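Novice: Could you work out the structure for the sequence below:
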Amino acid sequence: MKHFSEISSSAERVVDAAEGLIQQHGYNGFSYDDVAQLVGIKKPSIHHHFPKKEELVAVVAQRYTHRFRSELLNIEGQHAKAPDRLSAYAALFQHTFALDRRLCVCGMLGAETDSLPELVASEVAHFFKVNLDWLCLVIGEGQSAGLINARISAAALAEQFLCAMEGAMMVGRGMRSARGPAAVGQTFIATVTIA
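Specialist: Numbers count the residues shown, from 1 in each chain. Purely as a prediction, here's the structure:
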């Protein structure tokens, strides 16, 4: 499998189109015909870059995880306190959701895990591990600083917060609501922070 940093600019346009299609329709809801139509190329050109759909989607998930990890580092550089970092984290999900109620790429793929090729499923699992590890660290630091309630483990709160973010996107889309992850995130943060 290619690494996302090694693909050409024309292949990147294919990855961009596939990302949007995944966010709207999932792995099983789009074809190379759909990508070709969006990009304005013929289907054999897509096969030239990505012989199999699983390779394309794995690169999409890999790049998405990398960009998300970069955003997490930006949050660390801009916010010192755990509650502020958690608010900024929720804003990442809100930004995605604000684009026509799109869902997180890996959240959408995660819902289809049982029907995904292993190559894609492992990239999705990696995304969630990156997020849970980061959240656990942030929440643990907040607990040590006396800013976040320590009665529940940092790992359990991290999982709860990530589930709340992914779930807020799905419920918001399902209800065709503008209320999304930011509002749900603020409720969670208000519940776990120590005044």
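
Novice: Under the pLDDT cut-off, which ranges of this protein? List them.
Specialist: 1 (pLDDT under 70).

Novice: where along it do the strands fall?
Specialist: For the chain, applying DSSP state E gives no strands.

Novice: Can you show me the helices along it?
Specialist: Ranges of helices within the chain are 9-25, 32-39, 43-49, 53-78, 82-97, 105-110, 118-144, 154-174, 181-192, based on DSSP state H.

Novice: Pull out the buried positions in the last one.
Specialist: Right, the one you point to is helix 181-192. Of the residues in helix 181-192, Pro181, Ala182, Val184, Gly185, Phe188, Ile189, Val192 count as buried by neighbour count, 16 or more other Cβ atoms under 10 Å. Quick note: C-beta positions are derived from backbone N, CA and C, even for glycine.

Novice: got a markdown table for the residues you listed, with distance to Ala17 too?
Specialist: Formatted as a markdown table, the buried residues of helix 181-192 follow (distance: Cβ to Cβ, whole Å):
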| residue | distance to Ala17 |
| --- | --- |
| Pro181 | 24 |
| Ala182 | 27 |
| Val184 | 29 |
| Gly185 | 29 |
| Phe188 | 34 |
| Ile189 | 35 |
| Val192 | 39 |
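
Novice: Leaving out chain neighbours, which residue sits closest to Ala36?
Specialist: Lys43 (4.7 Å; Cβ to Cβ, 6 or more residues apart in numbering).

Novice: returning to what we had before: what's the closest of the buried residues of helix 181-192 to Thr113?
Specialist: Taking Cβ to Cβ as the measure, Pro181 is the one of the buried residues of helix 181-192 closest to Thr113, at 21.0 Å.

Novice: Can you say which of the helices of the chain is nearest to Lys2?
Specialist: Of the helices of the chain, nearest to Lys2 by Cβ to Cβ is helix 53-78, at 6.1 Å.

Novice: If you compare the directions of the closest one and helix 82-97, what angle comes out?
Specialist: With axes from the mean of the first three to the mean of the last three Cα atoms, to 10 degrees applied, the angle from helix 53-78 to helix 82-97 works out at 140 degrees.

Novice: buried residues in helix 53-78?
Specialist: 53-65, 68, 72, 75.

Novice: now do stretch 13-20
Specialist: So stretch 13-20, judged by 16+ other Cβ under 10 Å, has buried residues Arg13, Val14, Val15, Ala17, Ala18, Glu19, Gly20.

Novice: Report the contact partners of Tyr32.
Specialist: Contact analysis of Tyr32 by Cβ atoms under 8 Å, 6 or more residues apart in numbering lists Lys43, Ile46, His47, Lys53.

Novice: Reformat those as CSV; add distance to Leu99.
Specialist: Below are those laid out as CSV (distance: Cβ to Cβ, whole Å):
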residue, distance to Leu99
Lys43, 26
Ile46, 23
His47, 28
Lys53, 23
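
Novice: which one of those residues has the most neighbours?
Specialist: Ile46 (23 neighbours; other Cβ atoms under 10 Å).
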